[in-house]
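Enquirer: I'd like to go over a predicted model; first the sequence, then the structure.
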Amino acid sequence: MQRGLIEPVKLQDLRKGQAFRALARDLDLLRLAFQSQWSVISGKSAVTPEDLETAARLSRELLDVLTSRADGTVQRGSAIDWRQRAFTLLSRAYDDARAAIAYVRRQRTDAESIAPSLYVATKRSKEQDQDSPISRPRSRADG
């Protein structure tokens, strides 16, 4: 715009907003501005025709995602499922690594400090232990 390669009128609708929908719209407006003046801009900018194609694709994909979110067609369960699967894989791999470290460091007994558990161990109160049928010793009255 400062160099006169793109007409200011073509950029006046840019929102410069923080929202994703505004970002997608602005990206598409910039792409259209570049394409309409491509004969003038070509060779005077680092922007390539491939960049313009990428901008069009990204703008379209972003708007598709935003539209599907608004329509409720995005399956949140799918994202949750993938997150759970990823954590399961991470947890299993980490447990294997902890086992290997425990084996290698068995003489020094410092494996827990090298690879601590992913889970926080909570201490149970004595009241909970007494009420628990697992920790309470069985008496003859219990059967």
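Expert: Okay, I see it.
Enquirer: Now do residue 31: how many residues are near it, please.
Expert: Neighbours of residue 31 under the rule other Cβ atoms under 10 Å: 20. Any C-beta I mention is one placed from the backbone N, CA and C, and that applies to glycine too.
Enquirer: who are the neighbours in contact with it?
Expert: 52, 55-56, 59 (Cβ atoms under 8 Å, 6 or more residues apart in numbering).
Enquirer: Break this structure down into its structural domains.
Expert: With domains defined by automatic domain parsing, the chain comprises 8-71, 86-136.
Enquirer: For the protein, which residues score under the pLDDT cut-off?
Expert: 1-18, 69-77, 124-143 (pLDDT under 70).
Enquirer: those helices in it, which residues are they?
Expert: Applying DSSP state H to the chain gives helices spanning 8-11, 20-36, 38-41, 49-71, 76-104, 111-114, 126-131.
Enquirer: Mean neighbour count, these: which tops it?
Expert: Of all these, helix 20-36 has the most neighbours on average by mean count of other Cβ atoms under 10 Å, namely a mean of 17.
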